[in-house]
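> coords please:
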Amino acid sequence: MIGTDSFSRLGFGVTGPHAGLGAGRGMTTRLIHQAVDQGVTFFDTGPAYGKGEAERRLGAALKRLPRRSAFVATKAGIHPGGYRDFSAGAIEMSLRDSLKRLQRDHVDLLLLHGPAADEMTDKLLRRLDAFRERGMIRHLGVCGRDAELDRAISLGVFDALMAPVNQSLEPSQIERLERARSSGLSVIGIETMAGARRASGPPASRGDLWYLARQIKRRLRRDPPAEAGPPASEALRWALTRPFCDSAVCLTTRPAHLAANASLVAALEAGEPTP
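Reported below is the predicted structural model:
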């Protein structure tokens, strides 16, 4: 398990629009700096997002800050271009490339990005342990949603799981995350806003256009409409009040949304009533 004082309860995801045309580099940098000012220390990214562009943006933004106290998580296994390779050699190359893009000598958390159960081989686990001994990574984890998480829990070598935490989880999925937490793993929630209601109105920015395109894609897949879901604040509150969820990573391109999320988390941590 990672100490709960190592990272903030609210995380900022540098992915999606922050990995390409959905947000300019300047916007990404401003939001990362705003997040730090509002108490966010946990930042999540990965080499597959924008073929490394998301990592480059995060590294550049953090380097410009007067203090570098951020807890940085990145991933390996799904590589720039989208191809999969969980061999020990490919994971090592991926990590070294990520460190260059992030402009750091280590990452705080390296997550295997959706490995199949049989891809977590003894050889790979030995190599990952060697990375930790060399100081290239501080903690190890697995990002996923299905049987790979069961395998990660059973191995007893990982410090964290990153998985969806939202109100659409099945009882079996909640039981899995409770089991992970009771087994000593930190649980980091993603997709906390999945199905949450978005504000209506015409797109007002490149980020809004990115979200609109994603909504159209959801409709083409015939996913449940977000308009029927809970407000975003309720979705985030639900995730962070689960006893198994140590942190929730949120993605946004709007400063007001980031501020609202940070305020909600601050109120929860202070035990104050939230709207």
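> how close does Phe42 sit to Leu124?
25 Å (Cβ to Cβ, to the nearest Å). Where C-beta positions appear, they are placed from N, C-alpha and C, glycine not excepted.
> hey, where'd the strands end up in the stretch 151-275 of the chain?
With DSSP state E, counting those that start in this stretch as the criterion, the stretch 151-275 of the chain has strands at 160-164, 186-190, 247-250.
> name the helices or strands packed onto the shortest one?
For strand 247-250, the contact count by 3 or more Cβ pairs under 8 Å, 6 or more residues apart in numbering; DSSP states H and E identifies strand 10-13, strand 42-44, strand 186-190, helix 232-240 as packing neighbours.
> let's go with 6 Å and repeat that
Applying 3 or more Cβ pairs under 6 Å, 6 or more residues apart in numbering; DSSP states H and E, one finds that strand 247-250 contacts strand 10-13, strand 186-190.
> and those as a markdown table, adding mean neighbour count?
As requested, these are arranged in a markdown table below (neighbours: other Cβ atoms under 10 Å):
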| stretch | mean neighbour count |
| --- | --- |
| strand 10-13 | 26 |
| strand 186-190 | 24 |
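> Go through the ones you listed and name the closest to Pro255.
Among the helices and strands packed on strand 247-250, the nearest to Pro255 by Cβ to Cβ is strand 10-13 (12.0 Å).
> what ranges do the helices span in this structure?
Secondary structure of the chain (DSSP state H): helices at 25-37, 53-63, 88-102, 122-133, 147-155, 171-182, 206-220, 232-240, 255-270.
> re earlier: turn the strands of the stretch 151-275 of the chain into TSV, including mean pLDDT and distance to Cys143.
TSV is the format used below for the strands of the stretch 151-275 of the chain (pLDDT from 0 to 100; distance: least, Cβ to Cβ, whole Å):
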stretch	mean pLDDT	distance to Cys143
strand 160-164	97	4
strand 186-190	97	8
strand 247-250	96	10
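> Now tabulate those strands in a markdown table and tack on distance to Ile174.
Below are these laid out as a markdown table (distance: least, Cβ to Cβ, whole Å):
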| stretch | distance to Ile174 |
| --- | --- |
| strand 160-164 | 11 |
| strand 186-190 | 11 |
| strand 247-250 | 15 |
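> out of those, nearest to Arg176?
Evaluated over those, closeness to Arg176 peaks at strand 160-164, with 7.9 Å, by Cβ to Cβ.
> Of the helices and strands packed on strand 247-250, which is nearest Ala19?
Of those, nearest to Ala19 by Cβ to Cβ is strand 10-13, at 10.0 Å.
> and that closest one, what's its mean pLDDT?
The pLDDT scores in strand 10-13 average 97.
> how many neighbours does Ala256 have?
Ala256 has 9 neighbours, counted by other Cβ atoms under 10 Å.
> same check, this time on Arg134
9.
> Count residues in the vicinity of the closest residue to Gly50 other than its chain neighbours, would you?
Closest residue to Gly50 apart from its sequence neighbours, by Cβ to Cβ, 6 or more residues apart in numbering: Ala19 at 3.0 Å. Neighbourhood size, Ala19 [other Cβ under 10 Å]: 24.
> Go ahead and confirm Ala19 touches Pro47.
No - judged on Cβ atoms under 6 Å, Ala19 makes no contact with Pro47 at a distance of 10.2 Å.
> residues contacting the closest residue to Asp159 other than its chain neighbours?
Among residues not flanking Asp159 along the chain, His139 sits closest, at 4.2 Å (Cβ to Cβ, 6+ apart). Going by Cβ atoms under 6 Å, 6 or more residues apart in numbering, His139 touches 2, 109, 159.
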